[in-house]
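Student: for reference, the sequence and a predicted model appear below.
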Amino acid sequence: MRLFLNMAGFLLLQLAITLPAPLFGISFEDNDIPSSPPGWFVISVWFVLFPLMGYARWVVTRPPADRALGAWILGLATLCALYIYYTVGLSSALGISLLWCTLVGNGVVIVLAIVLALRTARRSRWAGVALGLVALWVSFASIGVVRDLIAG
């Protein structure tokens, strides 16, 4: 039951943070970053990754619990859910490049996901893989951002 609650809770976290974005005038259009995958695909991937982060948190908070690591995993999920705010929102509010905001934000997520994946893998290989997939996905998404920056 705790596994389900962690996985569902992380998915609800994503929805609770991202769904209100349009109320603040923040939306992400498919053409904002031309080389990015289509929006429906991006959403589908995150609907898998958030429950996987919940799984990883469940693993590390089972006895013997590492509550600090569990909190860091929750922090990673929160950072991922806040993506539209610190990319599109920050870019619009400050008048700076969306591509640069995205690249910096992606870099932070990738580093944090790798560190947490390595720490979590000591406890469970599969939980480490679950977090590693976050780093892999965000790295893949960053390729398009870099391509668009170079194309300028």
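Tutor: Yes, it's here.
Student: would you map the helices across this protein?
Tutor: Residue ranges of the helices in the chain, as given by DSSP state H, are 2-18, 39-61, 67-81, 83-84, 90-94, 98-121, 125-151.
Student: put the alpha carbons of the helix or strand of the chain with the lowest mean pLDDT into CSV.
Tutor: One helix or strand of the chain scores below all others by mean pLDDT, DSSP states H and E: helix 90-94, with a mean of 90. Extracted in CSV, the C-alpha atoms of helix 90-94 (Å, rounded to 0.1, in the frame of the first residue of the first chain):
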residue,chain,number,x,y,z
LEU,A,90,11.4,32.9,-15.6
SER,A,91,12.2,33.5,-19.3
SER,A,92,9.1,35.6,-19.7
ALA,A,93,9.4,37.4,-16.4
LEU,A,94,13.0,38.4,-16.9
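Student: pull out the buried residues from it.
Tutor: Residues of helix 90-94 classed as buried by neighbour count (16 or more other C-beta atoms under 10 Å): 90, 91. For every residue, glycine as well, the C-beta is placed using N, CA and C.
Student: no further questions, thank you.
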